[in-house]
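Enquirer: Have a look; sequence and predicted model below, questions after that.
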Amino acid sequence: VGIHPHSKTSTTDVSKFLNRLLGMNLRRQKYMTTYFMKSLENQVNSAKRAGTYDVGIRTLAGNSIEFADKPRTFSFRGLGAKDDRVFLYKVVQDRGTSTETAMELYNDAKDDASIPTSRNEWKRRGQRLQIVSGFYTDSRSFLKVTPKVFLIINPGAHSDQCIAIRPNVGRRTVSKYDIRQKLMKGELASVGAGQAMKIWKREFELSDIPFDETYQFSCKGRHMVSYIFAGSIVPILNKMLISSGGSMTSHNSYEKRPFRVVRVETSNSLSNKDDAGKEATQDESSDSEDEVEEMNKTEMIVKLCGGREDIGKGVARKSDTTGACVFRGNITKYKDDDMHEDCDPSGTFYTKFSDGTKRKMDAAQVTKARKLFEKEANCLLSSGMPRVDICNSLDEFTAAGNVKSKIRQPILGDGEDEDPENHELIFEEKFDDKMPNAIVGLMFDNKMVSAFDSNRNMIELRLHEKVLMNLSFKLLSEGIESTRQLYNLEKAERLRDVDVGE
């Protein structure tokens, strides 16, 4: 029908294949479609075993997930995109499953009528053994410290995979064929929940060690450290992958990719969501009272005096081109010229906004601008921004959540960025922002690899360090400005703006 799976010159056109099926009789269509689906399933399973199957964005899960420290921050695009930042987060992950969580999962599986959990379902269907959801142990002789305990959940006949959960590594998917083989060979034995919980608790305590250590043969620790790139990585993604020694367009289907796209949501963010849900009802009951009190406070705050007391007070205005952008500013001067007799006070207010514009306003306009400023300030206060930062209106502005960046602080001093041995430090700066609760980024395998340093010496380092080192070499050869050079330029621009203002 036109498909040549072993041909290197022609590409497979699935649409053409399916269209040509219409030229067959129904009996042959059924045979060919069944064969096609089985072949596709085999290819997907082979890709999963080889680690080349693209499953999209994977969420890191476990007993707890936290950021170890503030991320390293890099400016890899120079003057071409000096506001783009790439962040390197160190994520500490406890991949284990506690006894409480294991029992909850087991009880959920028992409550699901579609999942076999009854011991009466231990029977053979031809040569196939039915897999019952429950606890199992592996007590083979080479396990000297403790038997291995599993919670296996069979999702039903619609899937050829089972979920296998362990105290030290959490949940994984295992084929039903592999589980049946272990059951038939006696490598797995079903046990009751009480006995399983005793073993589970012991394994969970023994696995309280780093992932690269073992507490017995084939049993690793549950604490894993991962390094994840986030931020503006798309423009330099291909360079990063080349620096790692890999490629997104590899034609070798059995070549395992050393990277994957992951999502990290810290344990704090999950607990905050739960707390927010619990407090929602209480908050709703007092909303009306708070709104009245807030309106009274706002009226007191925005009241104008018509003198030096008003200078420095915050104002805000919406953009002339789009209402989504709000510029903050302050009152710089008041002139008692009686130009606006219908207003109280009747003088003219001089204002300056964060986009650089200066405007003259009467009392009515300033009062409106003061109310808008307080409204924006309350929104920012509720998100956790300090009042002192909000009032620093000429340094920041709100536009779909963005703020004008402060002057970057490079890691290296003057002259140090000219030494190629400093590698990625040449493009690194200090992180000066609020830590996020969740990120989506690119995670490389946390393994040791070999690479050449700036002196062409072979060294051993982790894969993410190799990416940073090789990427910095490439950017230096392309003449990309260092963070120190960007800092000097920004500092000169600020000094020039001050001179012009004076």
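Expert: Done, it's in. Numbering: from 1, shown residues only.
Enquirer: Give me the spatial nearest neighbour of residue 58, chain neighbours excluded.
Expert: Excluding its sequence neighbours, the residue lying closest to residue 58 (CB to CB, 6 or more residues apart in numbering) is residue 262, at 5.1 Å. Every C-beta, even on glycine, is put in place using the N, C-alpha and C of the backbone.
Enquirer: same question, residue 77
Expert: Residue 77 sits nearest to residue 84 (CB to CB, 6+ apart), 5.1 Å away.
Enquirer: Now do the contacts for the one you found.
Expert: The contact partners of residue 84, by CB atoms under 8 Å, 6 or more residues apart in numbering, come to 75-77, 231-232, 235.
Enquirer: let's see it at 7 Å
Expert: 75, 77, 232, 235 (CB atoms under 7 Å, 6 or more residues apart in numbering).
Enquirer: so what pLDDT did the residue nearest to residue 140 when sequence neighbours are not counted get?
Expert: The shortest distance from residue 140 to any non-neighbouring residue, by CB to CB, 6+ apart, is to residue 187 (6.5 Å). Predicted confidence (pLDDT) for residue 187: 92.
Enquirer: Over to residue 248?
Expert: pLDDT, residue 248: 52.
Enquirer: And residue 238, by the same measure?
Expert: At residue 238, pLDDT is 90.
Enquirer: Residue 395 too?
Expert: On the pLDDT scale, residue 395 gets 41.
Enquirer: gap between the residue nearest to residue 77 and residue 472?
Expert: Plainly put, residue 84 is 16 Å away from residue 472 if you go by CB to CB, to the nearest Å.
Enquirer: now residue 224
Expert: 27 Å.
Enquirer: now do residue 493
Expert: 25 Å.
Enquirer: Neighbour count for those two, which is higher?
Expert: residue 472 (24 against 11; other CB atoms under 10 Å).
Enquirer: packing partners for the strand or helix carrying that one?
Expert: Here residue 472, judged by DSSP states H and E, is contained in helix 463-477. Packing partners of helix 463-477 (3 or more CB pairs under 7 Å, 6 or more residues apart in numbering; DSSP states H and E): helix 237-244, strand 438-444, strand 448-452.
Enquirer: Let me see the residues that make contact with it.
Expert: Contacts to helix 463-477, defined as CB under 7 Å, 6+ apart, come from residues 76, 227, 239-240, 243-244, 258, 420, 423-424, 426-427, 444-445, 447, 449, 451.
Enquirer: Now which of those residues would you call buried?
Expert: Buried subset of the contacts of helix 463-477 (neighbour count, 16 or more other CB atoms under 10 Å): 76, 227, 239-240, 243-244, 258, 423-424, 426-427, 444-445, 449, 451.
Enquirer: ok, these vs residue 19, which is closest?
Expert: Nearest to residue 19 among the buried ones among the contacts of helix 463-477 is residue 258, at 38.3 Å by CB to CB.
Enquirer: OK, contacts around that closest one?
Expert: By CB under 7 Å, 6+ apart, the neighbours of residue 258 are 244, 246, 444-445, 463.
Enquirer: Excluding chain neighbours, give the residue nearest to it in space.
Expert: residue 445 (4.7 Å).
Enquirer: Report the separation between the one you found and residue 89.
Expert: 16 Å.
Enquirer: Ok, residue 141 next?
Expert: Counting by CB to CB - residue 141 and residue 89 are separated by 43 Å.
Enquirer: of those two, who's got more company?
Expert: residue 89 (22 against 5).
Enquirer: just checking, that one is part of a strand?
Expert: Yes - with DSSP: H, G, I helix; E, B strand; the rest coil as the criterion, residue 89 is located in a strand.
Enquirer: So which elements touch the longest strand along the chain?
Expert: Ordering each strand of the chain by length in residues (DSSP state E) puts strand 325-335 first. Applying 3+ CB pairs under 7 Å, 6+ apart, one finds that strand 325-335 contacts strand 314-318, strand 348-353, helix 363-382.
Enquirer: Thanks a lot, catch you later.
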